[in-house]
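Colleague: Test case, fold it:
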Amino acid sequence: MMKNNQASQIAIEKIIVLYSHENEAYKLHLERHLKILKSYGIKFWNDLEKTIPEFKEADVIIIILSSYFIASDLIQDTVIPKVFKQITSKSKLFPIVVEPCPIKLITWLTSKNVMAYDNFALSKKTEKDQDEFFAMFVERIGLGLIEKKKSKTRYFEYNQPSQILIDTHHFEDFRKNNFIYVDKTKFVYQLLNNNMSQCFLSRPRRFGKSLLITMMKELFSANKELFKGLYVYDKYDFKPYPVIHLPFTSLDYDITLPTEISIYKALTNYFAQIAEEKQVPSPEGPYLGKLVKNLYKKYQAPVVILIDEYDKPLLRFIKDAEKRNKVRSCLRDVFSSLKDLTNIIKFLFITGVSKFTKVSIFSDLNNLTDLTMLSDYSQIAGFTQQELEHYFKNFIILLAKKEGKTKEEILEQVKLWYNGYSWDGKSFVYTPFSISKLFKHMEFKNYWFSSATPTFLIDVIDELKNGKVDFRDFESYHMFNDDFEKYEIENIRLLPFLFQSGYLSVYNVEQDNIKIRFPNKEVRTSFFQYLFEEFSMINPKNFNKLFHAIHKSDINEIIKVLKSILATIPYQILEKKEKVYHSHVYTILKTIHENTYSEVSTNLGRIDTLMETQNAVFIFEFKMKSAEQGIKQIKAKKYADGFFNKGKKIFLIGVKFSDTDRNIDEFKYEVAVA
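Modeller: Reported below is the predicted structural model:
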C-alpha cells in the first residue's frame, strides 16, 4: 500500500464522483476504496449539487455509468455535456460501466477512457471481482495523482488507454473503444515509401500478424479517423482502394467434405460474400484473380490484397501427405492467377507461420519480398522494450506495486519471462499475447505456450530417440540462410520448424550463420515440462521437490529427485552414453532453475553443468566410471576458482551413471575451499 508519510508533500488534489441514486450501491463500494486517498491530501466529492462549478478544477472525474445515469435529468440537460466537451483535451473523465448501456451512442463519451471489467459491465461480475476492480482502479488513480505532484509531470498519464484487448485482432475494435494499441503504422508507411508492394512476413502464432493485417485493411480503406494520433496519420494521403482481406483462419470449412472440396467451397463462398459487399459480379468459384479484375473494373483503382495465415490449411495436414498435397494444389489454383495481374494490384501482403518454398505463392510471385529476417522490419510485430515501457507504463507501476518490487526490478522480471524474440540477432521483442495477458491478470504465468497444444512436439521425442537432436541443441543451435530459403514441407527439419513456430529464436547472426535458442523463461520452462510430463511418467510434484531442494542447497535431495525423474524417461531415449545423461540432467535442472548452463568453458577445461542460485554455486561433472573421478577432474581443472569472489557456497559434485540401470548409480560432493 502507499505510505502515509508522503501525504504532507502533496497539495490537495480533487476527485469528483458522478452517479445516479439508483446505482448508489456501486458508489458506496467505490467510496470505500477512495477513502484511503484522504490521507494523501486527495479530496473527493460525490454530491451532485456541488460538482458542476468544480468540473474544470478537478483532476479526475469518475462517472458511474448506467442507463439510469444516461436517462437522468442531469445528463438530459445540456449543461453537463457542454462542460464535458470543454475538458476533453485533458482526458480526465473515467466512466465506469456498472450496468449495460448504449455507450457508443453517447457522443461526449465515445472518445473517453471507458472502463469495465473484462469488457463487461460490473453487474455481470461477482462481488469479489467488482471489489478487485475498484481496488485496482483507485490504486491506479491514487498513484497517478501522487506521481504527478512529486515529479510535476503527468508521469502517470490519464489520456493513455487503460484497457487491454486480447480476444480480437480487429484494428477497428482497438481504436474505436480506446484499447491499448501499440503503433505499428510506421512500418507500413515505410513499405509504401520504399515501393515494396508485394511482401511476405513469417511470425509465430499470436504475434500480432492478424492485427497488422486488419490495420492495413483500414488504412487502404481510407478510414482516417481510426489513425488519429498514430504515426501515419499526417503522412499518408488516405486514398481509398478496393481491399480483399483473406483470413485463412476464419474461413468456414465444411469438414464433412473431402479436403480439396471443403477448401474450394469455403473460398468460393468467401469471395462471393466480398463481391456482394463490393457490388461486383461474383467470380463464381475460388478464383481470386477474377475477383481482383472485377474490383478493378468497377473502382478503376488498383486492388489491395491482404492474405492472413496462408499456411493454416497446410499446417493442419502437416503429417498427412495426401491431404497436404491436395491443399497445396488448391492454393496453387487460387494464387497462380495473381502472377499476371501485378499491374492492377496496388499492394499484396501475405502472412504465415512458415514459408514453404514449393507452395505456388512463392514460386509464382517472383517479386515477393520476404520481410521475415530483414533488420528494418524486425520490430514490425511484437513489442519492443521502448513500446512496453511507453504503452504499458501504468500497468508496470501497478505490477511492481503488487509484487513489492521497484519498477526496474519488475522490468527485469518481465524481460526474463517474455522477451528474447528476434529475427536479426540485434532487435529483441516481447510476445504481445503474453504481455497482454500478464497485465490483464497481473500474474507471471505461462500464457503463450499454453494457448495452443503443440501436438507436433511428438516429433521432438522421435528425434531425441533417434539421436538426431540433443536437448542442449535447444539452448544453442546453428542454422544457415538456406535452411529457410529451401524449406520444404515434405522434408521439414525439426529445429528450423521450431524456430518458425516461435519455440526458438535468433540470438546472433554472423553473415550466413544464424544461431537460435529458447527466447525466454516462459517458453524454455513450458517446453521442457511439456516434454517430460507428456512423454514420460514424471510426477509434476517432483519438479516442486527439486525446486525446493535446489534453493535449500540440499545435494542429497537433488540427486534423489533427479534419479526419480530419470527413472520415468523411456529407455529408448537414454542411450548408454555420458553425453546423453549429461544432456538430460542439464535439461531437468534448466527447467527448474534459469541460471543453469552446459559446457561452460574455463581457462583449463569445460564444466559439464554449472548452476548458480542466490546463495550457492553447483559444479557438476558426469562420468560413466566413478563419481570420484568427477570430483578429481573438478579439482584438477580448478573449476571453482572463478567463483570464490562471489562469497557463495561452492559445491563440487561428481555423478556416475550406470549403463545397466540407465540412471545415476553413484554421487559424491564436497564444499570447495579457497
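
Colleague: all contacts plus neighbour counts: C-alpha atoms, from now on.
Modeller: OK.

Colleague: In contact with Thr372, which residues?
Modeller: Phe200, Leu201, Ser202, Arg203, Ser378, Trp423 (C-alpha atoms under 8 Å, 6 or more residues apart in numbering).

Colleague: My guess is the third one contacts Thr351. True?
Modeller: If I follow you right, that is Ser202. Yes - between Ser202 and Thr351 there is a contact under C-alpha atoms under 8 Å: 5.8 Å.

Colleague: More neighbours: which of those two?
Modeller: Thr351 (23 against 20; other C-alpha atoms under 10 Å).

Colleague: ok, that one touching Asp308?
Modeller: Yes - here Thr351 lies in contact with Asp308, judged by C-alpha under 8 Å, at a distance of 5.0 Å.

Colleague: got any residues that touch both of the two?
Modeller: With C-alpha under 8 Å, 6+ apart, Thr351 and Asp308 have common neighbours Lys209.

Colleague: ok, now how distant is His548 from Val561?
Modeller: According to C-alpha to C-alpha, to the nearest Å, His548 stands 11 Å off from Val561.

Colleague: Who has more neighbours out of the two?
Modeller: Neighbours were tallied for His548 and for Val561 using other C-alpha under 10 Å; the higher tally belongs to Val561 (18 against 15).

Colleague: Do I have it right that the more buried one meets Asn542?
Modeller: Yes - under the criterion of C-alpha under 8 Å, Val561 makes contact with Asn542 at 6.4 Å.

Colleague: Glu387: what secondary structure?
Modeller: helix (DSSP: H, G, I helix; E, B strand; the rest coil).

Colleague: Over to Lys563?
Modeller: Once three-state DSSP is applied, Lys563 turns out helix.

Colleague: what pLDDT does it get?
Modeller: For Lys563, the model assigns a pLDDT of 90.

Colleague: contacting residues for it?
Modeller: So Lys563 contacts Asn663, Ile664 (C-alpha under 8 Å, 6+ apart).

Colleague: For Ile516, give me its contacts.
Modeller: By C-alpha under 8 Å, 6+ apart, the contact list for Ile516 reads Phe474, Glu475, Ser476, Tyr477, His478, Met479, Phe499, Leu504, Ser505, Val506, Tyr507, Asn508.

Colleague: Please indicate which of those are buried?
Modeller: Phe474, Glu475, Tyr477, Met479, Phe499, Leu504, Ser505, Val506, Tyr507, Asn508 (16 or more other C-alpha atoms under 10 Å).

Colleague: Now do the domain split for the chain, please.
Modeller: In the domain annotation for the chain, the residue ranges read 4-151, 171-377, 383-535, 537-671 (automatic domain parsing).

Colleague: Confidence-wise, which of those domains is weakest overall?
Modeller: Among the domains of the chain, domain 4-151 has the lowest mean pLDDT, at a mean of 69.

Colleague: if I pick the closest residue to Gly352 other than its chain neighbours, what's in contact with it?
Modeller: Using C-alpha to C-alpha, 6 or more residues apart in numbering and skipping residues adjacent in sequence, the residue nearest Gly352 is Glu309, 4.2 Å away. Under the criterion of C-alpha under 8 Å, 6+ apart, the neighbours of Glu309 are Pro247, Phe248, Thr249, Ile350, Thr351, Gly352, Val353.

Colleague: could you flag which of those residues are buried?
Modeller: Pro247, Phe248, Ile350, Thr351, Gly352, Val353.

Colleague: just to revisit the earlier point, so which of the contacts of Thr372 is the most crowded?
Modeller: Trp423 (26 neighbours).

Colleague: got the contact list for that one?
Modeller: Counted by C-alpha under 8 Å, 6+ apart, Trp423 has contacts Thr372, Met373, Leu374, Ser375, Ser378, Ser505, Val506, Tyr507.

Colleague: Could you count how many residues lie near the spatially closest residue to the third one that is not a sequence neighbour?
Modeller: The shortest distance from Leu374 to any non-neighbouring residue, by C-alpha to C-alpha, 6+ apart, is to Asp424 (6.8 Å). When neighbours are counted by other C-alpha under 10 Å, Asp424 registers 23.

Colleague: do Thr168 as well
Modeller: 10.

Colleague: Could you grab the helix/strand/coil label for it?
Modeller: coil.

Colleague: what's the distance between it and Ser39?
Modeller: 41 Å.

Colleague: Ok, Leu18 next?
Modeller: Here Leu18 is placed at a distance of 22 Å from Ser39 (C-alpha to C-alpha).

Colleague: higher neighbour count, these two?
Modeller: For Leu18 and Ser39, the more surrounded residue by other C-alpha under 10 Å is Leu18, and the numbers stand at 19 against 15.

Colleague: Now do the phi/psi pair for that one.
Modeller: Here is the backbone geometry of Leu18 (degrees, to the nearest 10): phi -110, psi 140.

Colleague: nearest spatial neighbour of it, skipping sequence neighbours?
Modeller: Ile63 (4.8 Å).

Colleague: how many other residues sit next to Lys656?
Modeller: 23.

Colleague: hang on, it in a strand?
Modeller: Yes - counting by three-state DSSP, Lys656 is part of a strand.

Colleague: which residues in the stretch 501-650 of the chain form strands?
Modeller: If DSSP state E, counting those that start in this stretch is used as the criterion, the strands of the stretch 501-650 of the chain fall at 505-510, 513-517, 596-601, 606-612, 616-623, 649-658.

Colleague: typed the wrong thing, it's the stretch 1-150 of the chain
Modeller: 13-18, 42-45, 60-65, 93-97.

Colleague: again, but for the stretch 351-500 of the chain
Modeller: Taking DSSP E, counting those that start in this stretch as the criterion, the stretch 351-500 of the chain carries its strands at 369-370, 477-480.

Colleague: Which strands and helices lie in contact with the first one?
Modeller: Pointing back at strand 369-370 there. Other elements packing on strand 369-370 under the criterion 3 or more C-alpha pairs under 8 Å, 6 or more residues apart in numbering; DSSP states H and E are strand 198-202.
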